[in-house]
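K.L.:
okay, structure incoming, though there's no sequence with it:
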């Protein structure tokens, strides 16, 4: 069985303060500029292989059997071959499994970058008379998130500010073919202490905005097909980010991207930020930071400083972010690895 799920501010500033946050300063020669986006998009992608979500028991005439568990297969493994057939989708697996007859069958999988082979003996299900292996699998993800930036010169985009991990096993998903698509936010589950809020919306799989190339611990990256609206602004170096007022761009209703006020601090190490929502409108609408806002760009002193990544469950008005330099470093490293491969 295939299961698909993922998982992952605007009080009025005084005019002078708003200008100091968002107005781009004069650019030095060679300064990199990016368009801060803040738009919610749909994210759809297949996995490079079939992810083992969990192991199950098969009810047989002789009792319960667990072929996959008994062989040594573990949740988080990626199955790439069943018998003599390569499998990357649920349809591939179902086709290969239709030939099971109770004889031992070889399964190849990836675990921590290593190719491993196991041999399983299928169990005959007393419920439906089919040969079963005792596996729950996933072949892709679908959900919504926020695009952080777009580079008009190269078409590169970055989103989320964190990786896409499997909701059941927690493993970083190695993505195959993937896309970002047009999306609309329909409503918001407001965040409360002890329970994260969430953006709810619909996305149009036919209206593809770009391709997803890489899933990294610092965000997902790819290339857009038609770009995003907005003016480019300079990128902040980590040393330029200050404790104090900033703004985020977020899309929490329909397709509208708005500016909301926050405070940021450098309480976290490794390119991480602490973000506190101060905007009354956003607090009233969402309770602060909610799932689906991951990737909302952070702007300070006229520069793109980073992105929102996580909410603090004990206080939805607070959360975490990542510096834009950390996202760009991950994008460049993933591109270098792709070229080397």
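P.N.:
Cool, the structure landed. Because the structure is a prediction, the values reported are computed rather than measured.

K.L.:
enumerate every residue touching residue 233.
P.N.:
Listed by Cβ atoms under 8 Å, 6 or more residues apart in numbering, the contact partners of residue 233 are 24, 33, 34, 35, 36, 299, 302, 303, 304. Glycine gets a C-beta too; all of them are placed from N, C-alpha and C.

K.L.:
actually, residue 133.
P.N.:
Residues in contact with residue 133, defined by Cβ under 8 Å, 6+ apart, are 67, 68, 97, 100, 105, 107, 120, 122, 123.

K.L.:
what about the fourth one, distance to residue 200?
P.N.:
Same thing as residue 100. 40 Å (Cβ to Cβ, to the nearest Å).

K.L.:
higher neighbour count, the two?
P.N.:
Per other Cβ atoms under 10 Å, whichever of residue 100 and residue 200 has more neighbours is residue 100, with 19 against 13.

K.L.:
that one contacts residue 122, doesn't it?
P.N.:
Yes - with contact taken as Cβ atoms under 8 Å, residue 100 and residue 122 are classed as touching, separated by 4.7 Å.

K.L.:
so what sits against both of those two?
P.N.:
With contacts defined as Cβ under 8 Å, 6+ apart, the residues adjacent to both residue 100 and residue 122 are 131, 133.

K.L.:
count the neighbours of residue 251 for me.
P.N.:
The number of residues near residue 251, taken as other Cβ under 10 Å, comes to 25.

K.L.:
the nearest residue to it once chain neighbours are set aside bridge partners, please.
P.N.:
The spatial neighbour of residue 251 that comes closest, neighbours along the chain excluded (Cβ to Cβ, 6 or more residues apart in numbering), is residue 40 at 4.2 Å. Residues found in beta-bridge contact with residue 40 (criterion: DSSP bridges) are residue 146.

K.L.:
373 is where my numbering starts, stick with that
P.N.:
From this message on, residue numbering opens at 373, which makes the last subject residue 412.

K.L.:
mind pulling up the pLDDT for the closest residue to residue 517 other than its chain neighbours?
P.N.:
Counting by Cβ to Cβ, 6+ apart, the nearest residue to residue 517 once its immediate chain neighbours are dropped is residue 532, at 4.8 Å. Reading off the per-residue confidence, residue 532 sits at a pLDDT of 96.

K.L.:
does residue 532 touch residue 521 like I think?
P.N.:
No - here residue 532 does not reach residue 521: they are 11.5 Å apart, not a contact under Cβ under 8 Å.

K.L.:
before we move on, back to that, who's in contact with the residue nearest to residue 517?
P.N.:
When contacts are counted by Cβ under 8 Å, 6+ apart, residue 532 is found next to 380, 517, 518, 520, 591, 592, 666, 667, 679, 681.
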